[in-house]
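[1] please find the sequence and the predicted model below.
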Amino acid sequence: MRLITLYKVSGYVRALAALGVSLMLFILFSSHALAEAERVRVGLTTTDYSPYWKVTPDKIEGLVVDSLYRFFDGSQYQLEIVPVPRKRIDQSFEKGEIDLRVSDIRWMSGSRPYKASDVFMPLEDVYWSRNIMYLPHPAKVCAVLGFIYSAEFDRKIADGSFIRVNVTHPTQSFQMLAYERCDLAISDSRLGAYIVKRDRLEGKVKKLNWQDRSWQLRFIAQPNEKGEALVRFINQKITRLKD
């Protein structure tokens with residue numbers, strides 16, 4: 001009886017010892033993995049571009065943010081989203097303060113040979129109008145300062161068909177459109193639909209079947225070894241999600 005008891009106790013001790021070793025190895029490897037995770041700083045402007053992204057003191061959310069988590073969760077990278085004022089994001093990226101930014105490559109300024117991922121989200125700029133049957137001539141068009149529009153838009157400004165009314169944000173375009181301070185606005189189709197629904201502008205504003213330009217959102221990386229690795233990683237994720 002005593003021998004059986006000793007056997008059971010010693011087996012119990014061996015099991016505890018094995019469990020302790022397993023826990024130590026798990027902690028060791030987990031700590032090593034966390035230590036090896038490379039930080040990736042992704043810059044998003046503090047300007048609200050819902051539904052693509054919105055930065056608040058409490059959280060950062062939106063379609064682009066969802067894509068970021070989908071790509072980076074469980075990866076060898078530690079994702080850090082860095083809010084940057086819109087006026088500073090070009091300079092911040094140029095200085096290497098952020099590793100990635102979200103952009104169409106045609107929006108990028110500067111002479112550095114940045115690396116661009118494959119397209120992860122298409123955009124489409126279209127015209128929106130007041131709820132009227134005929135447009136006046138010339139038509140007043142709300143356009144956001146700093147945004148790039150089509151060559152056709154610039155030609156219509158030049159020939160007097162359009163009068164440009166500068167605004168600071170797409171939301172302002174739709175407010176001015178709804179209250180008859182301009183006749184047209186140019187906005188991404190998805191973003192415009194979001195603003196119209198959020199601000200209850202149905203019946204005051206309508207989308208026209210008149211495209212200004214299509215854009216393609218990509219992740220833009222620094223022209224260095226880390227940037228090239230990030231682009232390869234993101235492209236692999238994009239391919240897998242398509243499959």
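    Looks like it came in fine.
[2] which stretches of the protein have low pLDDT?
    Within the chain, the segments meeting pLDDT under 70 span 1-36, 109-111, 243.
[3] count the neighbours of Ala143 for me.
    Each residue near Ala143 was counted by other CB atoms under 10 Å, and the total is 22. C-betas here are computed from N, CA, C, even on glycine.
[4] test my guess that it contacts Arg164.
    Yes - contact criterion CB atoms under 8 Å: Ala143 and Arg164 qualify, at 5.3 Å.
[5] in the protein, which spans are helices?
    Taking DSSP state H, the helices of the chain run over residues 2-36, 63-72, 89-94, 151-158, 170-178, 189-198, 225-242.
[6] just the C-alpha atoms of the fourth one, please, in PDB.
    If I follow you right, that is helix 151-158. Provided in PDB are the C-alpha atoms of helix 151-158 (Å, rounded to 0.1, in the frame of the first residue of the first chain):
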ATOM      1  CA  ALA A 151      -8.300  67.000 -66.600                       C
ATOM      2  CA  GLU A 152     -11.900  67.400 -67.800                       C
ATOM      3  CA  PHE A 153     -12.900  69.200 -64.600                       C
ATOM      4  CA  ASP A 154      -9.900  71.500 -65.100                       C
ATOM      5  CA  ARG A 155     -10.900  72.200 -68.700                       C
ATOM      6  CA  LYS A 156     -14.500  73.100 -67.700                       C
ATOM      7  CA  ILE A 157     -13.100  75.500 -65.200                       C
ATOM      8  CA  ALA A 158     -10.800  77.000 -67.800                       C
END
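[7] what residues of that helix count as buried?
    Going by neighbour count (16 or more other CB atoms under 10 Å), the buried part of helix 151-158 is Phe153, Lys156, Ile157.
[8] quick check, central residue of this structure?
    Taking CA atoms, centre = their mean, the centroid of the chain lies closest to Val64, which sits 3.4 Å from it.
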